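[1] Let's see this in three dimensions:
(2 chains)
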Amino acid sequence: MVRAWLQAAPLALVVAAFLVVPIATLAVVSVWDYTEYDLIPDFVLTNYADVFGSWVTYATYASTVRFAALTWLVTLAIGFWIAYFLAFHVRSKTWQMVLFLVCTIPFLTSNVIRSISWIPVLGRNGLVNSALLHLRVIDQPLEFLLFSDFSTVLSYVHLYALFMVVPIFNTMMRIDRALIEAAVDAGASGWQVVRDVVIPLSKPGIAIGSIFVVTLVMGDFSTVRLMSGGQSASVGLMISNQLAYLQYPAAAANAMVLLAVVLAIVAGMMRVVDIRKEL
Amino acid sequence: MHGRTPGCYLGTAFFALFVLFLYGPLSAIFVLSFQGPDGGLTFPMNGWSVHWFGALLERQAVGDFQGSFLRSFELGAVVMAATVAISLSAGLAFRRRFRGAGLLFYVVVASLIIPSILVSLGIGLLFRILDLDTAWWSSGLGAHLTWTLPFGLLIMFAVFNRFDKAYEEVARDQGATGAQTLRHVVVPIIAPSLVGVGLLGFTLSYDEFARTLLAVGTDLTLPLSIYGMTTNITTPVLYALGTVTTGFSFAVIAVFLVATRWLQRRTAARRSHVTART
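    Numbers count the residues shown, from 1 in each chain, chains lettered A, B, ... in the order given. Below you'll find the model as predicted:
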């Protein structure tokens, strides 16, 4: 056991120093007082009172939860079918590997670049508008394509779809093919196989993917800033704005609330599906 | 699944659309980075040139791009090495039961789930209270590890779940010490996966943004510089930068894929050699 401890020690030290202690610091600072230029160690609940007393908080959470829900629905729909295609339609192992890599590679490049890459596509003079104008589908450029809720959700889906594809693909690859053959032999249609065999057995993957996507969107602030053109709010953006004014305790209180909300959502999802069996 | 059914064509078409969705915007950026000197941020192309790539070398056009690129590269390399070493070590630890294993596992998983901006803010505040300066090589490095290590550990779990313990037993029976077994048996067999962990460690660090933001100090990493540029640069030099960094990421991925493939072949060849001898 001593040897195992020594082997686990580097990991334990890193997460203690750069995760546990920093989050504990947030908790402590969230009850501190502050002035325009200084932090004052104290025990006050004014920061939390400010968070819960302001309608802006509720509106911002509503907006963030809406983004998370929309992104979740779209990535789930796309992720499920892409994983299904890779797991069941592609029969050669080599092709499966190649196509999986084709999906994965863009996710190993910069998120900021991938967000701004939508600007020449969706802008007023972008590819989509030019094409639609050229085809005379529309008379004037569509304004909602860029710097809107639409482009924000589109960008989230673009950034995070893989986090849904990989876990679902992973669980689908573990489904015993004999079960599907049995269902087909028993007279199930293709759709019934998907609904009654594949979906129930893919649930753990769906749950893991959902946790990833929802937590990533709930904590985001850069994508919403880049892609909504300052039109939309998000909790992350609200926190980073408070930081710009050096209101650290206020930001810390907001951060603790966000942490509680995110952990509650994750706990809720774990209740629906027991993912511990998967790990 | 059942020959060339309509469903199969539909699936292929959907997959092709998904690939277009993934790569389309990136290709638009790639093409637009070759805009002529008078070209703008959108199509049509106003002539073709490499003018904007040249502009990357001018400090007034893009700020300290080279400095932040080098910082991100060095940080990525350190994070990669640390992620491989720490994940491997922890992966070995988790093969046995030890007290605190459950707690450690939950904390590591929490590191994935907790929104990055909170980790970043926490580290920034901690350093501020301790009166330490944040810097990319100290607090920035720690912030990156909280993001790469959970992935590394989960991969090691998957690797050791499939690992055949017989190889180690044979080595031990022939008198190999624990360290020798690790070095000559375990590591060579799992080497392709370790390269994968390394790739993930490097690319996740190289592109990391939110966790770095408040933990980086004054010298920025590349994604933070680029983020800053998006607000004040309105020429295709931004796209040239995007093309260069994306090209660099692709090159890194290619190198790692070739390395993995080579290691897999070598392991397979060795294994058949060993089997042939016994």
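
[2] How many residues are close by residue B:30?
    17 (other Cβ atoms under 10 Å in any protein chain shown). (C-beta placed from N, C-alpha, C; glycine too.)

[3] my read: it touches residue B:243, true?
    Yes. The pair residue B:30 and residue B:243 qualifies as a contact (Cβ atoms under 8 Å) at a distance of 5.2 Å.

[4] if I read this right, residue A:211 contacts residue A:268, doesn't it?
    No. If you go by Cβ under 8 Å, residue A:211 and residue A:268 don't touch, sitting 10.1 Å apart.

[5] With neighbour numbers in mind, choose between these two.
    Remark: of residue A:211 and residue A:268, residue A:211 carries more neighbours, 22 against 9, as counted by other Cβ under 10 Å.

[6] name the helices or strands packed onto the helix or strand where the more buried one lies?
    Using DSSP states H and E, the element containing residue A:211 is helix A:199-218. Contacts defined by 3 or more Cβ pairs under 8 Å, 6 or more residues apart in numbering or on different chains; DSSP states H and E place helix A:199-218 against helix A:55-84, helix A:149-173, helix A:248-272, helix B:101-113.

[7] Please identify which of those helices is closest to residue B:89.
    Each of these was scored for nearness to residue B:89 using Cβ to Cβ, and the closest is helix B:101-113 (12.4 Å).

[8] who does that closest one touch, helix- and strand-wise?
    helix A:2-15, helix A:199-218, helix A:248-272, helix B:139-161.

[9] let's see 6 Å
    Helix B:101-113 is packed against helix A:2-15, helix B:139-161, with contacts defined by 3 or more Cβ pairs under 6 Å, 6 or more residues apart in numbering or on different chains; DSSP states H and E.

[10] Tell me which other helices or strands the last one touches.
    Based on contacts counted as 3+ Cβ pairs under 6 Å, 6+ apart, the elements that helix B:139-161 packs against are helix B:65-93, helix B:101-113, helix B:116-129, helix B:187-206.

[11] how much does it deviate in direction from helix A:149-173?
    Put simply, helix B:139-161 runs at 30 degrees to helix A:149-173, going by axes from the mean of the first three to the mean of the last three Cα atoms, to 10 degrees.

[12] got a list of contacts for helix B:139-161?
    With contacts defined as Cβ atoms under 6 Å, 6 or more residues apart in numbering or on different chains, helix B:139-161 is touched by A:14, A:18-19, B:79, B:83, B:87, B:90-91, B:95, B:108, B:111-112, B:119, B:123, B:127, B:190, B:193, B:197, B:200-201, B:204-205, B:208, B:211-212, B:215-216.

[13] Give me the buried positions along it.
    Neighbour-count burial for helix B:139-161, counted by 16 or more other Cβ atoms under 10 Å in any protein chain shown, picks out B:139-157, B:159-160.

[14] For burial, what's the neighbour tally of the closest residue to residue B:135 other than its chain neighbours?
    Once flanking residues are discounted, residue B:135 sits nearest to residue B:217: 4.1 Å by Cβ to Cβ, 6 or more residues apart in numbering or on different chains. For residue B:217, the neighbour count with other Cβ under 10 Å is 18.

[15] Would you confirm that residue B:217 belongs to a helix?
    No. Residue B:217 is assigned coil when assessed by DSSP: H, G, I helix; E, B strand; the rest coil, not a helix.

[16] Which pLDDT value belongs to it?
    pLDDT recorded at residue B:217 is 82.

[17] count of neighbours near the nearest residue to residue B:83 once chain neighbours are set aside?
    Spatially, and ignoring its direct neighbours in sequence, residue B:83 is nearest to residue B:201 (3.4 Å; Cβ to Cβ, 6+ apart). Residues lying near residue B:201 (other Cβ under 10 Å) number 28.

[18] repeat for residue B:233
    As a burial measure, residue B:233 scores 17 neighbours (other Cβ under 10 Å).

[19] Repeat that for the one 3 residues further on.
    By the measure other Cβ under 10 Å, the count of residues near residue B:236 is 28.

[20] Who are the contact partners of it?
    Applying Cβ under 6 Å, 6+ apart, the residues near residue B:236 are B:32-33, B:35, B:39, B:52.

[21] quick revisit: of all the helices and strands packed on helix B:101-113, which lies closest to residue A:206?
    With Cβ to Cβ as the yardstick, what comes closest out of the helices and strands packed on helix B:101-113 is helix B:139-161 (17.4 Å).

[22] Give me the angle between that closest one and helix B:116-129.
    Orientation check (the same axes, to 10 degrees): helix B:139-161 against helix B:116-129 gives 130 degrees.

[23] what about helix B:139-161, average pLDDT?
    The average pLDDT within helix B:139-161 is 93.

[24] Could you check the angle the next helix or strand after it makes with helix B:187-206?
    Next helix or strand after helix B:139-161 toward the C-terminus (DSSP H and E): helix B:166-173. Counting by the same axes, to 10 degrees, helix B:166-173 lies at 120 degrees to helix B:187-206.

[25] so where's the chain uncertain?
    No chain specified, so I'll use chain A. Across chain A, the ranges flagged by pLDDT under 70 are A:274-279.

[26] looking at chain B here, not the other one
    Where chain B drops to pLDDT under 70, the residues are B:1-5, B:59-62, B:274-278.

[27] Next, residue B:211: secondary structure please.
    coil.

[28] who touches it in this structure?
    When contacts are counted by Cβ under 6 Å, 6+ apart, residue B:211 touches B:116, B:119-120, B:143, B:147.

[29] Go again with 8 Å.
    Residues near residue B:211 by Cβ atoms under 8 Å, 6 or more residues apart in numbering or on different chains: B:116-117, B:119-120, B:143-144, B:146-147.

[30] Farthest pair within the residues you listed?
    Between any two of these (Cβ to Cβ), the greatest distance is 14.6 Å, for B:117 and B:144.
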